[in-house]
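In: attaching a predicted model along with its sequence, questions to come.
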Amino acid sequence: MDKPIAIGGRPIADQLAQRTHTIVAATVELVWRQVPFYRSLPEEAVRSDITAIIRCNFEVLIASLRSLQTTDDEGLMRIRASAQRRAEELVPLAEVLHAYHLAVDHWWKVIGDLAGPEDTTDLSRAGTLLHRHLLAATAAVLAGYGSDPAVHGEEDSARRDLFLELTSGPNTTGPAERFGIDLPRLYWVLSLHVEPHPDERSAGIDAVVAERRKVRRLQRELDNVGRDNALSMLTSSGGGVLIPILEPTPGVDDWQDSAQYAQLSRNLRDMERTIGAAVLTAVSVAAPQEVPQAYEQTREILDVARRCGRGNGTVRLRDVALEYQLTRPSAATPLLADLLSPLQSNPVVLETLESYLDTGCDRSAAAAALHVHPNTVAYRLRKVATLTGLDVGTAPDLVRLVAAVAARRATDATQTARVSRTAPSL
């Protein structure tokens, strides 16, 4: 059996292991300084993913120096998986390989600094293993960039195709046969709006990478919620999701008050913390053949909820039933919207009224949302009464104001959509 590689009279693997934290931190700093692309990554990525994979790479090297072998299948699989994620985030392959070469070069210098004149033979042995480690790590990176994305891409594409077929037409027999699956009795039908992650708006951070990281985290969390059975079509701003209901309960008529819906809501709230961005989700339940109508309705519910000031959480039709009904096109819509026309020249007063209604007629909450004193909110609400003749303090007027705000928002949304459709292409 070969003798352990010893530098300065002590096994080099033990010496490096004892200094892991310091060496890894120095390596991360070196990569961040010398590889331009890494400086455009979100700080969270450098702190977590990049630091973790450099540490993994270093520990694979230590294991190699200890065993005198270059094989560490588990460690190399982690390197490969990390490279696959970098590929999904559009990190250039050359930059990733540059980082690995910088790291190995730095570790060789650390080992060299520990060696004395009497360590020539063992230093040469260490250098050989370090070179073999770099070759193995490079092969793992290339595999991550080259093969796995295609496999996962095919799987993701199949999921998207099934999602599109289930949400676009009532014929569920075709998709079930084509994809070789048994459709569940019911689906949770979700429409999501996802706010930007702070990294997406930070100067010096690549916004595309930040968006892709957020979408990847979102997809992973939805897979967890759906027990790897979720079907989805996602972008950085949201999308749609179908989650099979595999248990015998709840049913179409009792899901809104079920323990399963309460758990789903908690899981979706927890997901926000993981992805680092607010998520607003409209929820319904439907049998496979009813999914297209349910999905369209959740998209409408989501739109109404957003226009009513909802920023996150889960929302059902019954949570915005009044606003939903008032925003359906009718002859009364422009008449209701016109009730607020006296406020058009007082946008601050109109904003205050909307905020007051959106916060459940809570003056303190409206004041906090507007960053003003509650007395200012009270003054502006009196201004609403003066200008429109409608007082939020009386029940009949309050109902009319709620209806007027909902109708105005629906009218504004319709006009915006019309302008967007008729605008010339540049």
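Out: Sure, I can see it. Numbers count the residues shown, from 1 in each chain.
In: now Val194: how far from Glu300?
Out: Separation of Val194 from Glu300 (CB to CB, to the nearest Å): 18 Å. In short, each C-beta sits where N, CA and C put it, glycine included.
In: more neighbours, the two?
Out: Ranked by neighbour count (other CB atoms under 10 Å), Val194 and Glu300 place Val194 first, with 24 against 17.
In: isn't Arg363 right up against Pro374?
Out: Yes: counting by CB atoms under 8 Å, Pro374 is a contact partner of Arg363 at 4.8 Å.
In: surely Val283 forms part of a helix?
Out: No: counting by DSSP: H, G, I helix; E, B strand; the rest coil, one finds Val283 to be strand, located in no helix.
In: what's in contact with whichever strand or helix holds Glu59?
Out: Applying DSSP states H and E as the criterion places Glu59 in helix 51-67. Identification of contacts with helix 51-67 by CB atoms under 8 Å, 6 or more residues apart in numbering yields 4-5, 11-13, 16-17, 20, 23-24, 27-28, 31, 70, 72, 75-76, 78-79, 82, 100, 103-104, 107, 126, 129-130, 132-133, 137.
In: nearest residue to Tyr38 in space, ignoring adjacent ones along the chain?
Out: Trp32 (5.2 Å; CB to CB, 6 or more residues apart in numbering).
In: surely Ala403 meets Ala337?
Out: No: Ala403 is beyond contact range of Ala337, at 9.3 Å (criterion: CB under 8 Å).
In: where does pLDDT dip in the stretch 51-200 of the chain?
Out: For the stretch 51-200 of the chain, the stretches with pLDDT under 70 are 71, 147-156, 170-177, 179.
In: for Arg47, see how far away the residue nearest to Tyr38 is.
Out: For Trp32 relative to Arg47 (CB to CB), the value is 11 Å.
In: with adjacent residues omitted, what lies nearest to Pro4?
Out: Excluding the flanking residues, the one nearest Pro4 by CB to CB, 6+ apart is Pro11, at 4.6 Å.
In: what's the answer for Leu135, then?
Out: Closest to Leu135 by CB to CB, 6+ apart is Thr70, at 7.9 Å.
In: OK, contacts around the one you found?
Out: Taking CB under 8 Å, 6+ apart, we find Thr70 in contact with 64, 129, 132-133, 135-136.
In: before we move on, back to that, among the contacts of helix 51-67, name the ones in helices.
Out: With helices defined by DSSP state H, the entries of those inside them are 12-13, 16-17, 20, 23-24, 27-28, 31, 75-76, 78-79, 82, 100, 103-104, 107, 126, 129-130, 132-133, 137.
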